[in-house]
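# okay, sequence plus prediction incoming.
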Amino acid sequence: MLGTFINAWKVKELRAKLLYILLVLLIFRVGSVIPVPGIDMDALFGDFGGTGGGFLGMLVGGEWGTIFAMGIGPYITASIIMQLLAVAIPKLAEMKKDGAEGRKKINQITRYLAVVMAVLQAAGMVFAWSSAFHLDAQNFLFYGAAIASMVAGTMFIMWLSELLTEKGLGNGASFIIFANILSALPMGIMTLYDVSTGGVVESILVALSIVLFVLVVGFVVLIAEGQRKIPVQYSKKMVGRQNYGGQSSFIPIKVNLAGVLPMIFAMSILGLPEQIMMFMPNNEFLTGLASTLRLSGPIGAPIYVVLIFAFTFFYASFSINPTEMAENLRKNGGFIPGIRAGKPTVEFIERSIKRMSWIGATSYALVAMIPIVTEWITMIWVPGGVPIGFGGTTIIIVVGVSLEIVKKLEAQLLMRNYKGFLSS
């Protein structure tokens with residue numbers, strides 16, 4: 001990986017792309033510390049005890065009290081809703097099949113929906129902050145300025161993510177989340193260091209945590225790169241006096257087709273009571289429900305795992321169409337060795353997808369639970385209850401984005417070398 005970056009840095013075009021990505025991410029991080037008009041950051045952190053927003057907020061949002069407090073969250077939520085609606089509404093399903101023009105329309109609808117979600121989320125945040133600061137309920141100027149600045153901040157982040165997608169080396173929203181995660185890395189390292197200085201037991205736990213982290217990263221890379229290759233044989237065709245076809249190929253099915261989306265979906269549902277609490281901060285039922293559904297709780301953690309499995313199979317059910325795949329094989333004279341064409345081929349592909357989904361969901365649920373179990377153990381052993389852990393979802397996202405960047409750079413380098421070979 002390091003060698004790929006070194007070689008890419010030597011190429012002028014790739015170096016320009018890398019610098020462009022760094023510049024956009026720098027702008028994003030600068031905006032993450034600009035406070036919302038009328039907000040006292042010291043008082044906010046004193047009342048909320050940190051950046052707030054929970055783990056999901058750390059992934060898709062910025063620092064509380066800033067114009068980037070919501071981050072890319074509303075856009076992610078809107079994208080999730082559009083994916084779900086595309087399954088239920090035939091008109092949206094037709095748009096997805098219309099190629100580039102259809103995707104353009106869906107992206108436009110997603111942006112409008114993201115604006116609506118941003119206004120609602122910003123209103124909830126500002127209402128929660130105003131309750132903490134005991135602001136005048138009739139202070140409409142504060143509400144309007146705060147909500148407008150936060151919605152504008154989210155729209156600006158959406159624009160930055162689209163710039164990264166267009167001129168960068170991958171999905172722009174993934175880069176934004178990637179930057180959010182890495183911004184919390186120094187604080188995590190300092191926490192580990194502070195805990196390690198507490199004694200022999202603490203030092204051993206920190207060392208074990210680091211070893212576990214390395215093992216989990218290796219496991220995530222294995223799962224991210226893993227795939228089932230279904231062999232395909234194409235029959236020969238006589239065209240004139242020449243034989244065409246007859247070659248062998250395969251259909252790649254990834255171990256986890258949904259990637260990190262089921263984990264984000266699950267966290268969104270479990271965090272819904274906490275989001276609603278912004279509008280009703282004194283509601284005892286919502287307070288108890290939010291406490292019960294905490295990811296690190298004895299009830300929230302099992303529900304989290306069940307939701308990961310549910311969303312993994314839900315996403316896999318519409319991400320690949322076995323019937324369409326089997327029909328394309330038949331039209332091109334292809335078949336799976338040992339499997340008859342038609343319905344048997346469809347059933348074989350469906351079974352393969354389900355098996356890969358079981359493996360992927362189990363693997364990612366295990367990765368998600370390892371940090372939670374680690375936190376439970378360290379909360380027992382470490383004096384003062386200081387947890388030593390890491391987010392399984394953050395590891396999956398960081399590894400996924402890193403692998404995507406490396407693959408794009410390797411493809412660019414390979415293409416450049418190929419062109420150089422042809423021109424020589």
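Cool, got the structure.
# so what does the longest helix belonging to the chain touch, helix or strand wise?
Using DSSP state H to define each element, the chain has its longest helix at helix 343-381. Judged by 3 or more CB pairs under 8 Å, 6 or more residues apart in numbering; DSSP states H and E, helix 343-381 is in contact with helix 200-225, strand 227-234, strand 248-254, helix 261-270, helix 300-319, helix 322-331, helix 392-423. C-beta here means a position set from N, CA and C on the backbone, and glycine is covered the same way.
# looking at those, which is buried most?
Among the helices and strands packed on helix 343-381, helix 261-270 has the highest mean neighbour count (mean count of other CB atoms under 10 Å), at a mean of 22.
# and the nearest residue to V221 once chain neighbours are set aside, how far is that from F175?
Nearest non-adjacent residue to V221, counting by CB to CB, 6 or more residues apart in numbering: V399, 5.8 Å away. Going from V399 to F175 by CB to CB, to the nearest Å gives 14 Å.
# now this structure, which segments are flagged as low pLDDT?
The chain contains residues with pLDDT under 70 at 1, 40-64, 131-139, 168, 236-246, 278-279, 281, 378-391, 416-424.
# apart from its neighbours in sequence, what residue is nearest the residue nearest the centre of it?
Central residue of the chain (CA atoms, centre = their mean): V260, 5.2 Å from the mean position. Nearest in space to V260, with sequence neighbours left out and distances taken as CB to CB, 6+ apart, is I396 at 4.9 Å.
# got it, and K254?
Sequence neighbours aside, Q227 is the residue nearest to K254 in space, at 4.9 Å (criterion: CB to CB, 6+ apart).
# so the one you found sits against V255, correct?
Yes: if you go by CB atoms under 8 Å, Q227 and V255 touch, sitting 6.3 Å apart.
# per-domain residue ranges of this structure.
Using automatic domain parsing, the domain parsing of the chain gives 1-183, 199-390.
# can you give me the neighbour number for I353?
Number of residues near I353 (other CB atoms under 10 Å) recorded here: 21.
# give me every residue that touches it.
253, 257, 316, 320, 322 (CB atoms under 8 Å, 6 or more residues apart in numbering).
# so it versus F250, what's the distance?
15 Å.
# if we can go back for a sec, ok, the residue nearest to V221 to V211 distance?
Distance, V399 to V211, using CB to CB: 17 Å.
# could you dump the domains of the chain into JSON lines with distance to Y193 added?
What follows is the domains of the chain, written out as JSON lines (distance: least, CB to CB, whole Å):
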{"stretch": "domain 1-183", "distance to Y193": "18"}
{"stretch": "domain 199-390", "distance to Y193": "8"}
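# closest to M415 out of these?
Nearest of these to M415, taken as CB to CB: domain 1-183 at 10.7 Å.
# just the endpoints, please. Distance across stretch 248-261?
End-to-end span of stretch 248-261 (CA to CA, to the nearest Å): 33 Å.
# and the residue nearest to I251 when sequence neighbours are not counted, what is it in contact with?
The shortest distance from I251 to any non-neighbouring residue, by CB to CB, 6+ apart, is to I230 (4.2 Å). Applying CB under 8 Å, 6+ apart to I230 gives the contacts 250-253, 336, 348-349, 352.
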